[in-house]
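Undergrad: just a sequence and a predicted model for now, questions to come.
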Amino acid sequence: MRKLRFKNRNGILYFGYGDRLISSKKKFNNVNINILKNEVENGVHNTKLGIGEDNAPIPSITLLLKKVMKDKQHLKHKTLLAYKSASNDKIIPYFDGKLVTEIKPIHIKQFQDMLLERELGMSSINLCRVLLKDIFDLAIIEEHITINPVRMIRPPKRKAKKKKIEPFTLDEIDALLSSTQGELRNFLGISFFTGMRSGEVLALKWEDIDFETDTISISKTIAEGIVNSAKTESSCRDIEMIDSAREFFKSQQLESGLKNSYLFLTKKGTHHNTNYYFYRLFREAQANLGFEKIKTLHTTRHTFASIMLNNGIDPLWVSSTLGHENLQITLKIYTHFMPKKKKMSIGFLEKRYKNGSVV
C-alpha cells in the first residue's frame, strides 16, 4: 500500500503520494496532519490525489497520450511526424500534470481558443482534436470517465485564407531552364512539364520510365527521408510523358545512367532523402535572375496545371495527370486559369423562337 506523505513548504502543509504533492492550504502542524489523514481515509481528497473509486490511480493526460501515440506507430512517417508535433508541441505543454478526470468541456474550448490565437492552421488544430478525442475515448474504455469532453465542443471555425496561386510564366520557365544545367535543369524540366510533386520526382526509378510508350508510372514519394507509397490512392497513376518532358528525362539518363535505380542521385550515389538540395539551388537560380518573388518547388506543379488549362487542354487529362481524386478538386484550385468561354450560340433554338415567338 502506498504511504501518504506530508511536507512543509514555507509553513504550508502539502500531502500526497510519491512525487505528486498538493497543497492543503493549511498550516503545517500535527493537528492538521491528523485531520488530513482522516479525510484521505474517507476518500475526501481522491480526485485531487488522482485516485479512482476503486482506489486505482487516475491517469494523466500525458500518460494516456503516450498510449494513443503508441497505437499510431503504423501510420506513414510523415503523418506520424505531424501527430508527434501536435502531441509534443501543443497538447503536452498545455495539459501537462492534468488528470483525465479534471478536464471539462470548457477546458477543451479554452485550448482551442489558445491555438487560434497562435494562428495555427486548421489542419494542426484538427490533429490536436483527434488526439484528444482518442485520449478521452480510451479513458472511457478504462472506466475513468463517462463522457468525452472533446465531443461536446465543436471544432473552431476560421475562414481559410485562400492563397493566391502565382505560377511561373513561360518566359520565366525559359529563363530558369536556360540559366541552369545538369541535374538541376533536368529536375526543373521534369517538374514543370509533368506536374509531379518533388517527392514523387525524387522517388522515380528508371524502371518507372517507359520511353517506348512515353509513360511515367508514379507509385511512391519521398518525405522526411522515407520512401513511402504515393500520397493517396489517386496519386498512384500512369501519366503521359509529353515531348517537353521527354527531353529532360533523356538528359538525366546521361547524367545518372544506370548507376542506381533512382533518377536523381546524391554525390554518394544514393537517392535524395528530401528536396532541400534542389530547392536551395532553385532559390539561388531565381535570385540570380532577379525574380521579384522567390517561389517554392511546388509552384512548378501549379505552373504545369495553369499552363495546360489556360491553353485549352482537357481538364480531365490535367486532373488525372496531377493525381487528383476527382475533377472537382482540380477545378476548385485552377478554374480561374481556364480561358473564359465564348457566349454559346444555340442556333436552332434561336431561329425557332426568334423574338420570343414561334416562327
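TA: Yep, it's here. Numbering: from 1, shown residues only.
Undergrad: so, low pLDDT: which residues of the stretch 1-150 of the chain?
TA: Counting by pLDDT under 70, the stretch 1-150 of the chain shows low-confidence ranges at 1-2, 18-19, 42-43, 46-47, 49-56.
Undergrad: could you redo the last one with a cut-off of 50?
TA: Filtered on pLDDT under 50, the stretch 1-150 of the chain yields the residue ranges 1, 54.
Undergrad: do a quick rundown of the strands in it.
TA: 5-9, 12-17, 20-27 (DSSP state E, counting those that start in this stretch).
Undergrad: mind giving me the packing neighbours of the first one?
TA: Going back to what we said before, that points to strand 5-9. Packing partners of strand 5-9 (3 or more CB pairs under 8 Å, 6 or more residues apart in numbering; DSSP states H and E): strand 12-17, strand 20-27. C-beta here means a position set from N, CA and C on the backbone, and glycine is covered the same way.
Undergrad: could you redo the last one with a cut-off of 10 Å?
TA: strand 12-17, strand 20-27, helix 30-41 (3 or more CB pairs under 10 Å, 6 or more residues apart in numbering; DSSP states H and E).
Undergrad: check the last one too.
TA: On a contact count with 3+ CB pairs under 10 Å, 6+ apart, strand 20-27 meets strand 5-9, strand 12-17, helix 30-41, helix 46-49.
Undergrad: and the ones you listed, which is most packed in?
TA: strand 12-17 (a mean of 18; mean count of other CB atoms under 10 Å).
Undergrad: which helices and strands does that strand pack with?
TA: By 3+ CB pairs under 10 Å, 6+ apart, strand 12-17 packs against strand 5-9, strand 20-27, helix 30-41, helix 46-49.
Undergrad: of the helices and strands packed on strand 20-27, which is nearest D171?
TA: Of all the helices and strands packed on strand 20-27, it is helix 46-49 that lies closest to D171, at 69.3 Å by CB to CB.
Undergrad: T213: which element?
TA: Per DSSP states H and E: T213 is located in neither a helix nor a strand.
Undergrad: can you put the helices and strands packed on strand 12-17 in JSON lines and add distance to G121?
TA: Below are these laid out as JSON lines (distance: least, CB to CB, whole Å):
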{"stretch": "strand 5-9", "distance to G121": "42"}
{"stretch": "strand 20-27", "distance to G121": "36"}
{"stretch": "helix 30-41", "distance to G121": "46"}
{"stretch": "helix 46-49", "distance to G121": "36"}
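Undergrad: so which of the helices and strands packed on strand 5-9 comes closest to Y279?
TA: Nearest of those (CB to CB): strand 20-27, 47.8 Å.
Undergrad: for the closest one, buried residues please.
TA: 21, 24, 26 (16 or more other CB atoms under 10 Å).
Undergrad: one step back: any idea which of the strands of the stretch 1-150 of the chain gets closest to S123?
TA: Nearest of the strands of the stretch 1-150 of the chain (CB to CB): strand 20-27, 35.2 Å.
Undergrad: name every strand pairing with the closest one and say which way it goes.
TA: Using DSSP bridges, the strands paired with strand 20-27 are strand 12-17 (antiparallel).
Undergrad: could you export the partner strand as PDB, CA atoms only?
TA: Only the C-alpha atoms of strand 12-17 are listed here, as PDB (Å, rounded to 0.1, in the frame of the first residue of the first chain):
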ATOM      1  CA  ILE A  12       2.100  25.300   4.400                       C
ATOM      2  CA  LEU A  13       1.100  21.600   4.700                       C
ATOM      3  CA  TYR A  14       1.500  19.600   1.500                       C
ATOM      4  CA  PHE A  15       0.300  16.000   1.200                       C
ATOM      5  CA  GLY A  16       0.100  13.200  -1.400                       C
ATOM      6  CA  TYR A  17       1.700  10.000  -2.800                       C
END
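Undergrad: K27 and Y14 touch, don't they?
TA: No: when contacts are counted by CB atoms under 10 Å, K27 is not listed as touching Y14 (11.7 Å).
Undergrad: overlap in contacts, the two.
TA: N8 (CB atoms under 10 Å, 6 or more residues apart in numbering).
Undergrad: let's have the helices and strands packed on strand 5-9 in JSON lines, adding distance to F111.
TA: Converted to JSON lines, those look like this (distance: least, CB to CB, whole Å):
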{"stretch": "strand 12-17", "distance to F111": "26"}
{"stretch": "strand 20-27", "distance to F111": "22"}
{"stretch": "helix 30-41", "distance to F111": "31"}
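Undergrad: for N326, find the nearest of these.
TA: strand 20-27 (52.9 Å).
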